[in-house]
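[1] below are the sequence and a predicted model; questions follow.
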Amino acid sequence: MTTLYNPLLNGFHPDPSVVRVGDEWYLATSTFEYLPGIPIHRSRDFENWELIGHVATRDDQLAVADVPTAGGAWAPTIRHRDGVFHLVITDAMGRGMLHFTAVDAAGPWSDGELIRTHDGSRSLDGIDPDIAWGDDGTVYITYSGLLLSGEGVGQHLGIQQVRVDLDRHVALEEPRSVWSGTGGQFPEAPHLYAVDGRWYLMIAEGGTERGHGISIARGDSPEGPFETAPQNPLVSARSTIRPVQNTGHGDLVIGPDGDWLCVLLGVRPRSMTRAFSALGRETFVTTVHWRDDGWPAIDPVPLNPRPGTRVDVDFSAQRTLDGEWIAVRTTPASIADLDARPDALVLHGAGRTLDDPHPVFLGRRQEHLTNAVTVTVDVHAGVGGLAVRYDERFHVEIEAGAGVVIARAVVADLVQEWSIPLTSEVLDLHIESRRPAAGGALPKTSDVFHLAVTTEGERRELATVDGRFLSSETTESFTGRVIGVYARSGDVAVLRWTAEGDDE
Ligand code: 6LW
């Protein structure tokens, strides 16, 4: 019997889509303004998931270089047909709706073709595309009609569909409305499935926050008309005290035991009223049963975290970056210099701080609710440090160089700093994320950051910062916490990186 871990993928991994190919499963998630974009995780048992590659590894596959925050890679659908992987996605506020292909899901993936309107003039207007093939091979793109540009920006046209010529990447018709859901806001994330001679159209609605849920309809043809299930929403944590909230935006697949599963996004809010989700939207999984009346039922999402992990990177021994490193609006390779020193990763500061949309920052997702990162840096030639980043308006960091060590919290327009003199140019910087002290009362926040520095064997605590300020609710962010090293000016050498944490 397969153990279903929840989260299935820890940390910032929203909008999951999954496909089964033989006895392997492939999972794709959204990455917004970060590169490499659209990680592909593979599993052979649904328990262990390996990051095998990314769809967008080159600068020009997504136009994220100058995309506004929250733009970029939104909500993929991954499918496999005739030996080829297909992935459709919206590069929101970037290139538009795109179709990528690969023979090997690890890559390389194609450059990405824009899926154009019937008259070929522009990208299809909408988000969250699904790709499905009718029984006669007709290609359907079914998507959420949220307009992100043009005169009707912000307007929502419900779930739309077009038949597409996949050789020319042009719609064969004007978009048709196929469903508007059951009345929740933002009907989105459609996926079409052929099951036992019927076509099922599953969507998310209610918005990606506490109201989120999944609803379904069915019809005899992929074009509809679609009849709404009597028991919608099939899954939602709204108005419940479940530990996994915001559950929605899912995709169905047959799992290793032959049972149907739903992968979906959710958050793990903590605090007295379950108000703050430190890590942002993560990927979860739950079981699906088909009822006698031919409708699916989706079980609530239980919490079942994996054991804790530890990542230790000694840059004198490890001279390549693994795929978990991500950068903001550029590739990690363009900012990580592994040639400058034999014992370190060097970042070359360019005068930009973390307030800039293009920081010299290289990070990894915070995967655990309780987490500790330590980096050993050499700042004799520059200024930089260790940061937890949600975006350019929300970050907490500890920065060293030019004679001073500064802990800093940037929360929208509020900035607070704590500083001490720098006594050694090689030092350890620490950012820990801990459960708030119980103290008899119910916790009023998700977690607390502890910022500290160790020089010549002596650790000094510099500051504590309330973790709620870097939660997805406060930042109103589609992403999650990313912890990494950065350079502000000059050369910052990173000798060692250690991250460990758990979810108890
Ligand atoms: C995504 C939409 C949503 O495209 O948020 O969870 C958007 N729902 O479906 C970005 O993730």
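    Ah, there it is. Numbers count the residues shown, from 1 in each chain.

[2] phi, psi of Leu354?
    Main-chain torsions, Leu354, degrees, to the nearest 10: phi -70, psi -10.

[3] quick check: which element contains the residue lying closest to it once chain neighbours are set aside?
    Excluding the flanking residues, the one nearest Leu354 by Cβ to Cβ, 6 or more residues apart in numbering is His395, at 4.7 Å. (Glycine included, C-beta is placed from N, CA and C.) In the assignment (DSSP states H and E), His395 maps to strand 394-401.

[4] got a list of contacts for that strand?
    354, 377, 379, 382-389, 405-412, 422, 427, 429-431, 449, 451-453, 462, 465, 469-470, 474-475, 477, 486, 488-490, 492 (Cβ atoms under 8 Å, 6 or more residues apart in numbering).

[5] and those residues, which of them are in strands?
    Counting by DSSP state E, the contacts of strand 394-401 place 377, 379, 382-389, 405-411, 427, 429-431, 449, 451-453, 462, 465, 486, 488-490, 492 in strands.

[6] next, the residue lying closest to Glu209 once chain neighbours are set aside: secondary structure please.
    In this structure, Glu209 finds its nearest non-sequential neighbour in Asn246, 5.9 Å apart by Cβ to Cβ, 6+ apart. Following DSSP: H, G, I helix; E, B strand; the rest coil, we place Asn246 in the strand state.

[7] Asn246: what's it in contact with?
    Thr208, Glu209, Arg210, His212, Ala237, Leu265, Gly266, Val267, Ser277, Arg281.

[8] now render those as a markdown table, adding neighbour count and secondary structure.
    Putting the contacts of Asn246 into a markdown table (neighbours: other Cβ atoms under 10 Å; DSSP: H, G, I helix; E, B strand; the rest coil) gives the following:
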| residue | neighbour count | secondary structure |
| --- | --- | --- |
| Thr208 | 22 | coil |
| Glu209 | 17 | coil |
| Arg210 | 18 | coil |
| His212 | 30 | coil |
| Ala237 | 23 | coil |
| Leu265 | 29 | strand |
| Gly266 | 30 | strand |
| Val267 | 30 | strand |
| Ser277 | 26 | coil |
| Arg281 | 31 | coil |
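
[9] for the closest residue in space to His430 that isn't next to it in sequence, what are its contacts?
    In space, and not counting its chain neighbours, His430 is closest to Ala452: 4.4 Å by Cβ to Cβ, 6+ apart. The contact partners of Ala452, by Cβ under 8 Å, 6+ apart, come to Ile398, Leu429, His430, Glu432, Arg459, Arg460, Glu461, Leu462.

[10] cool, and Val415?
    Contacts of Val415 by Cβ under 8 Å, 6+ apart are Arg408, Ala409.

[11] can you say which helix or strand has it in it?
    For Val415, the enclosing helix or strand under DSSP H and E is strand 414-421.

[12] for the ligand, see how far away the residue lying closest to Pro269 once chain neighbours are set aside is.
    Spatial nearest neighbour of Pro269, excluding adjacent residues (Cβ to Cβ, 6+ apart): Ser277 at 4.5 Å. According to Cβ to the nearest ligand atom, to the nearest Å, Ser277 stands 13 Å off from the ligand.
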